[in-house]
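S.K.: Here you go, sequence then predicted model.
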Amino acid sequence: MTTVVQNTLYITAQGAAVSREHESLVVRLEKVERLRIPRRHVAGLVCFGRVWVSPEAMAACAEEGIGVTFLSESGRYLARVEGTHQGGIVLRRLQHRVADDPAFCSSVVRSIIAGKVANTRAFVQRAVRDGDGAVRVEGDAVLDALARVLSSLERAEDVDAMRGLEGDAAARYFGWLPTALRARDEGVVFRGRSRRPPRDPVNAMLSFGYALLLHDCVAALASAGLDPDLGFLHSERPGRPSLALDSMEELRIPFVDRMVVAMVNLGQIRAKDFVERDGGFEMSESLRKAFLVEYQARKRDEVTHPYTGVAVRWGLVPQVQARLLARSIRGELRPYPPFLLK
């Protein structure tokens, strides 16, 4: 199945092939043409699972500045192909230099985690306000715990201590999340955060959504001239876009968790929409398409950016944050201002 949303081309059909013909990208499945689109109309190409992209198509995408992202069928990030970096070497050299500065790293990590925890509190507060029973009782306890984390974060002296606080906050949040879910199908459950493989349907949706967000963050950082692989919160590891994972942290709940909870609580998700395989759960192709459409629809909604005060589409928030981070690295803006959910 092929889905084009807001100029991003998502290919989920297993066995699909992407080739270049003149100035267009052509998608075929079982040798039958399913889509032909001028490459100038494509902003990004995301391939799930067994999707073949010809060398000519990848070269054409690189020439046009189109990033090609490869994910597993379930949405796990694998690799990305892109052309010449747009920001030049100066900013990247500076990024590598400040990554060795403990004071700068601590400042950025503190801001990222503060943003993530504050956004978690905002989400829980909204659920407590609109909910009843266990949602309120357990939610109030989580809100108190998250407030303590924010207070401790201000006094934390190094990145390792901050990572520990972030882990505590995430554990409290995911321990509470089942109370916020009101699935109309008893098979749609959440048993605590699990990955590789996701052990239940809700985890499968969260992992899929996080993979989409990671693609957006990698693209935003690259377009801002930053190195997506060199992070501050996440340590370097071959093949891992650590800075993109950093950028995701403050955006996970605003972008993904809120959407997943809403889809579950509105009765849009059924147990039959998932396939259990090798001890984990995967989304059906039809659910993946519905998820992609919903994800992109939400990205078109507008939000007033808490730092700039300007109304922007949700889909541009990773771009704005990447540029704020670049300004912070250049010394124009200290500390880095995280995105805060209102």
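M.R.: That came through fine.

S.K.: tell me what the host helix or strand of Asp144 is packed against?
M.R.: Using DSSP states H and E, Asp144 sits in helix 134-155. In terms of contacts (3 or more C-beta pairs under 8 Å, 6 or more residues apart in numbering; DSSP states H and E), helix 134-155 is packed against helix 102-130, helix 159-180. For the C-beta atoms, the positions are set from N, CA and C on the backbone; glycine is no exception.

S.K.: Next, the buried residues of the shortest one.
M.R.: If I follow you right, that is helix 159-180. Buried residues in helix 159-180, counted by 16 or more other C-beta atoms under 10 Å: 159, 162-163, 165-166, 168-170, 172-174, 176-177, 179-180.

S.K.: returning to what we had before: ok, and for the helix holding Asp144, which residues are buried?
M.R.: Residues of helix 134-155 classed as buried under the neighbour-count rule (16+ other C-beta under 10 Å) are Val135, Glu138, Gly139, Val142, Leu143, Ala145, Leu146, Val149, Leu150, Leu153.

S.K.: Quick one: work out the angle between it and helix 102-130.
M.R.: Taking axes from the mean of the first three to the mean of the last three C-alpha atoms, to 10 degrees, one finds that helix 134-155 is oriented at 160 degrees with respect to helix 102-130.

S.K.: from the chain's centre, how far out does stretch 199-213 sit?
M.R.: Averaging C-alpha positions (C-alpha atoms, centre = their mean, to the nearest Å) puts stretch 199-213 10 Å from its chain's average.

S.K.: residue closest to the middle of this protein?
M.R.: Leu213 (2.2 Å; C-alpha atoms, centre = their mean).

S.K.: Now that one: which helix or strand?
M.R.: Of the helices and strands defined by DSSP H and E, Leu213 is found in helix 201-223.

S.K.: per-residue confidence averaged over that helix?
M.R.: Computed over helix 201-223, the mean pLDDT rounds to 90.

S.K.: I figured Leu206 hits Met259, correct?
M.R.: No - counting by C-beta atoms under 8 Å, Leu206 stays clear of Met259, with 9.9 Å between them.

S.K.: out of these two, which sits in the more crowded spot?
M.R.: Comparing Leu206 with Met259 by other C-beta atoms under 10 Å, the one with more neighbours is Leu206, at 25 against 19.

S.K.: which residues touch that one?
M.R.: Under the criterion of C-beta atoms under 8 Å, 6 or more residues apart in numbering, the contact list for Leu206 reads Arg193, Pro198, Val256, Asp257, Val260.
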